[in-house]
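J.: fold the following.
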Amino acid sequence: MNKVQTEQERPSAQELEDRLRRTMTDYFLIGAWRDRQYYYSLTEQDLKEHPVCYCGIFVNLVMDGELKKAWDVINVFPENSFYNLSMTLVHPEVTLRKFVDTIRYLKKNKISIGHVVLTAGRPSILNGANDFTRVAPYIKNHKKIFTEDVNYLYADATGSSIYNLCIAEYNYQRDRLFDAEVLVSRTIKEFDTPTQRRLLFVALYLQSKILLANGKLVKASSYIKDIRNFVKKEGQAEFSYNIDAAEVVGALYENDFVQISKWLKDKAPDEYAEFCMLDLYRYMVKMRCYIVTKKYEAVIALAERLRPLLIEGKRHMDLCEIDMLLAITFYRAEKKEQAFEYLEHAVKNAKVHGYYRLIGDEGAAILNLLIDYMKLKGEDYFLKSLIQIARSMALNHPMYLKTVYNKNVEFSQTEIGILKFVEQGKSKEEISECFFITENTVKYHLKNIYLKLDANNACQAVWNARALGILG
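T.: Numbering: from 1, shown residues only. Modelled structure (predicted):
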């Protein structure tokens with residue numbers, strides 16, 4: 001839909017109501033967000049005749065990060081009325097007690113809601129429309145209650161599969177990869193239905209992360225082809241934007257500057273234009289792209305714009321993630337004090353909620369930072385576990401989140417020869433003797449080599465050269 005429409009094209013309240021009733025089929029949340037100017041401009045008479053349009057106003061306020069105003073919309077309706085209950089269930093600030101009590105009231109009074117969007121804006125159940133990370137232990141210990149409650153909210157009785165996917169993510173974050181893989185594999189076929197494609201994307205995305213954690217390089221295109229086909233057939237869905245971002249994550253593992261820069265230019269969300277919480281996953285990916293392209297000020301600006309919205313929505317995992325990304329940013333900018341400050345916030349949050357993989361998955365990008373931080377703070381079991389995960393990821397995926405190299409830079413035969421001798425552990429004196437040049441000339445060549453490889457020392461230069469295939 002174009003941003004500028006004529007009055008003739010302006011949808012009526014009835015048309016908006018009809019669109020909302022198709023939210024789970026062909027009118028996805030991104031479509032509702034594009035229509036937000038029309039929902040916000042509805043008159044009192046429009047809303048009186050079409051009260052379902054309050055739901056359109058509500059979801060747009062949530063996507064705009066206006067959570068207090070979203071509560072005001074809920075309170076337009078009497079307590080325990082249909083609209084009051086249905087919107088309360090999906091408000092990001094709803095407490096676990098209120099969430100459970102609302103479902104029990106619905107069941108007791110035989111009030112049917114239909115479907116509730118559990119994940120939107122991020123390919124995750126634990127951290128989708130609501131941040132369920134805070135209630136994951138409860139879910140794990142109350143399978144029967146959780147499954148029955150979700151089945152009541154979904155006509156197709158997917159409670160057991162949603163439970164398995166929640167616990168798969170829970171296990172993944174705690175580095176229980178085998179348990180996570182067993183559970184997520186069960187869900188993929190069960191979510192291959194028109195109303196559950198969001199959850200299918202979540203399952204496939206989690207499976208790809210497990211494969212990466214086990215040392216395999218996974219191209220996004222290999223696991224989202226079916227999702228793309230569905231989007232073409234059924235219309236534009238919010239997860240279609242996340243597909244593009246997921247492909248860029250693959251490019252970050254391969255240090256593919258062309259794809260990274262193209263996404264940044266053509267498809268990345270513009271944080272200085274219309275801001276939407278549905279773009280949260282894409283904002284996180286964009287911060288990583290900023291890191292590899294050394295746009296550190298942009299990382300900081302975007303993270304701090306997100307922070308107040310995440311605090312208001314009590315999104316623990318997202319807050320942990322931006323603190324971690326800021327720590328990496330300041331560390332690369334050689335500002336260790338600020339890096340340690342943000343890392344301390346991230347580690348405390350991760351320790352409380354068990355986000356082992358959230359931090360460890362950053363691999364080489366965070367490994368040295370974690371090691372330096374532990375030297376400062378002293379040995380700690382949790383920190384040692386994070387370092388172990390990060391070290392494994394660094395070994396398996398050495399190019400992930402590396403500063404983008406100019407692969408068109410050429411190396412002279414002398415530079416390649418010196419690099420090979422450095423790889424063998426030869427000293428500058430030994431290299432100078434082999435090439436019949438002075439040690440100062442060797443130092444000059446090494447300086448140029450480090451510059452081309454964006455390395456600070458010989459070890460890093462050899463590592464980067466191997467990853468780029470320069471050393472064969």
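
J.: in the chain, which helix or strand is least confident?
T.: The least trusted helix or strand in the chain, going by mean pLDDT, DSSP states H and E, turns out to be helix 220-234, with a mean of 61.

J.: next SSE after that helix?
T.: Sequence order places helix 238-254 as the next helix or strand after helix 220-234, per DSSP states H and E.

J.: what packs against that next one?
T.: Packed against helix 238-254 by the contact rule (3 or more CB pairs under 8 Å, 6 or more residues apart in numbering; DSSP states H and E) you find helix 29-34, helix 197-213, helix 220-234, helix 257-266, helix 280-292. C-betas here are computed from N, CA, C, even on glycine.

J.: at 7 Å what do you get?
T.: helix 197-213, helix 220-234, helix 257-266, helix 280-292 (3 or more CB pairs under 7 Å, 6 or more residues apart in numbering; DSSP states H and E).

J.: out of those helices, which gets the lowest mean score?
T.: Ranked on mean pLDDT, the bottom entry among the helices and strands packed on helix 238-254 is helix 220-234, at a mean of 61.

J.: what separates stretch 16-30 from the chain centre, distance-wise?
T.: Distance, stretch centre to chain centre, for stretch 16-30: 25 Å (CA atoms, centre = their mean, to the nearest Å).

J.: residue 417: how many residues sit nearby?
T.: As a burial measure, residue 417 scores 15 neighbours (other CB atoms under 10 Å).

J.: returning to that earlier point: got the helices and strands packed on helix 238-254 as CSV, with mean neighbour count and distance to residue 171 columns?
T.: Below are the helices and strands packed on helix 238-254 laid out as CSV (neighbours: other CB atoms under 10 Å; distance: least, CB to CB, whole Å):
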stretch, mean neighbour count, distance to residue 171
helix 197-213, 22, 10
helix 220-234, 15, 19
helix 257-266, 14, 31
helix 280-292, 23, 21
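
J.: what's the closest of those to residue 21?
T.: Among the helices and strands packed on helix 238-254, helix 220-234 comes nearest to residue 21, with 16.0 Å by CB to CB.

J.: list the buried residues for the helix or strand containing residue 69?
T.: Using DSSP H and E, residue 69 falls within helix 67-74. Neighbour counts using 16 or more other CB atoms under 10 Å place 67, 70, 71, 73, 74 of helix 67-74 among the buried residues.

J.: which one, of the helices and strands packed on helix 238-254, ends up nearest to residue 471?
T.: Using CB to CB, these put helix 257-266 closest to residue 471, at 20.2 Å.

J.: report the central residue of this structure.
T.: residue 281 (4.0 Å; CA atoms, centre = their mean).

J.: now for the helix or strand residue 297 falls within, which elements pack on it?
T.: Assessed by DSSP H and E, residue 297 sits inside helix 296-312. Packed against helix 296-312 by the contact rule (3+ CB pairs under 7 Å, 6+ apart) you find helix 280-292, helix 316-332.

J.: columns distance to residue 242 on top of those, output as a markdown table?
T.: A markdown table is the format used below for the helices and strands packed on helix 296-312 (distance: least, CB to CB, whole Å):
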| stretch | distance to residue 242 |
| --- | --- |
| helix 280-292 | 5 |
| helix 316-332 | 15 |
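
J.: which one, of those helices, ends up nearest to residue 175?
T.: Closest to residue 175 of the helices and strands packed on helix 296-312 is helix 316-332 (CB to CB; 15.4 Å).

J.: averaged pLDDT, that closest one. What do you get?
T.: 97.

J.: what angle separates it from helix 296-312?
T.: 160 degrees (axes from the mean of the first three to the mean of the last three CA atoms, to 10 degrees).

J.: what's helix 316-332 packed up against?
T.: helix 280-292, helix 296-312, helix 336-353, helix 356-360, helix 364-377.

J.: quick one: contacts of the first one?
T.: Around helix 280-292, the neighbours that count as contacts under CB atoms under 7 Å, 6 or more residues apart in numbering are 121-123, 241-242, 245, 248-249, 252, 260, 264, 268-269, 271, 298-299, 302-303, 306, 318, 321, 325, 328-329, 332, 401-404.

J.: next: the fourth one.
T.: Identification of contacts with helix 356-360 by CB under 7 Å, 6+ apart yields 172-175, 213, 317, 320-321, 324, 346, 350, 366, 385-386, 389-390, 393.

J.: re earlier: for the helix holding residue 69, C-alpha coordinates in CSV please.
T.: Provided in CSV are the C-alpha atoms of helix 67-74 (Å, rounded to 0.1, in the frame of the first residue of the first chain):
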residue,chain,number,x,y,z
LEU,A,67,2.3,0.5,25.7
LYS,A,68,0.6,2.9,28.1
LYS,A,69,-1.8,4.1,25.4
ALA,A,70,-2.4,0.4,24.5
TRP,A,71,-3.7,-0.2,28.1
ASP,A,72,-6.0,2.8,27.7
VAL,A,73,-7.6,1.1,24.7
ILE,A,74,-8.1,-2.1,26.7
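
J.: next secondary structure element downstream of it?
T.: Next element after helix 67-74 (DSSP H and E): helix 82-90.

J.: and after that next one, which helix or strand comes next?
T.: Counting by DSSP H and E, what follows helix 82-90 is helix 96-108.

J.: OK, contacts around the closest residue to residue 371 other than its chain neighbours?
T.: Distances taken as CB to CB, 6 or more residues apart in numbering put residue 387 closest to residue 371, at 6.2 Å, once the chain neighbours are dropped. Residues in contact with residue 387 (CB under 7 Å, 6+ apart) are 367, 370, 371, 374.

J.: and the residues you listed, which is closest to residue 188?
T.: residue 367 (31.8 Å).

J.: skipping adjacent residues, who's closest to that closest one in space?
T.: Using CB to CB, 6+ apart, the closest residue to residue 367 is residue 390 (4.3 Å).

J.: that neighbour contacts residue 368, correct?
T.: No: using CB atoms under 7 Å, residue 390 makes no contact with residue 368, being 9.1 Å away.

J.: distance of the residue nearest to the centre of the chain from residue 268?
T.: Distance of residue 281 to residue 268, computed by CB to CB, to the nearest Å: 12 Å.

J.: flag the shaky bits of the stretch 351-472 of the chain, pLDDT-wise.
T.: Applying pLDDT under 70 to the stretch 351-472 of the chain flags the ranges 404-408, 467-468, 472.

J.: count the residues that sit near residue 462.
T.: 21.

J.: in a helix, it, correct?
T.: Yes: assessed by DSSP: H, G, I helix; E, B strand; the rest coil, residue 462 belongs to a helix.

J.: now it: closest residue in space that isn't a chain neighbour?
T.: residue 423 (4.9 Å).

J.: and the gap between that neighbour and residue 38?
T.: 63 Å.
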